[in-house]
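Peer 1: mind looking at a prediction? Sequence and model below.
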Amino acid sequence: VHYSLTTFFFGAWGTFENLIVALALGIFSLPHGNKHWWLGGALAVLTFFGQISIILALKYEKAGPVTLIKTVDVLFGFLWQMLFFQLVPDLFSIVGASIVVCGVVVIGVRKWIGTLPEDDIIRIKFGFMLK
């Protein structure tokens with residue numbers, strides 16, 4: 001199956017699920033004015049192409065670097081949220097982002113330790129990370 005078809009299907013399915021949940025909770029409302037429609041459409045298109053970019057990156061590159069770059073999205077999201085919208089992330093967002101970033105750092109360090117020679121002092125001290 002072509003990657004764009006899979007991405008489109010999951011996007012349509014997610015839209016359908018969100019519509020059902022919004023109707024069930026009574027919070028559904030249509031966008032107000034052309035600006036909101038354009039912004040919603042731009043969000044959909046950019047999300048679609050962003051997901052396709054990640055899929056193609058995983059196809060042509062190893063998963064490690066792609067995952068690292070994808071994780072940087074979290075940091076950029078916080079940065080742009082603060083710069084453009086003047087919104088300060090709450091405690092739950094900061095804790096979640098910290099868990100994601102720490103996980104990526106641990107995976108990177110683990111990979112680096114795995115490339116060290118068997119008799120290297122750092123590999124001996126942190127060998128528990130390779131188990």
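Peer 2: Thanks, I have it.
Peer 1: show me how far the strand or helix carrying Leu39 is from its chain's centre.
Peer 2: Under the criterion of DSSP states H and E, Leu39 resides in helix 33-60. On the basis of CA atoms, centre = their mean, to the nearest Å, helix 33-60 sits 13 Å off its chain's mean C-alpha point.
Peer 1: same thing with stretch 56-64?
Peer 2: 15 Å.
Peer 1: kindly report the same for stretch 93-105.
Peer 2: 12 Å.
Peer 1: cool, and stretch 86-98?
Peer 2: Mean-position distance between stretch 86-98 and its chain equals 15 Å (CA atoms, centre = their mean).
Peer 1: ok, and what's touching that stretch?
Peer 2: Taking contacts as CB atoms under 8 Å, 6 or more residues apart in numbering, the residues outside stretch 86-98 that touch it are Val74, Leu75, Phe78, Gln81, Met82. In this view, the C-beta of every residue, glycine as well, is placed from N, C-alpha and C.
Peer 1: and those residues, which are buried?
Peer 2: Buried subset of the contacts of stretch 86-98 (neighbour count, 16 or more other CB atoms under 10 Å): Val74, Phe78.
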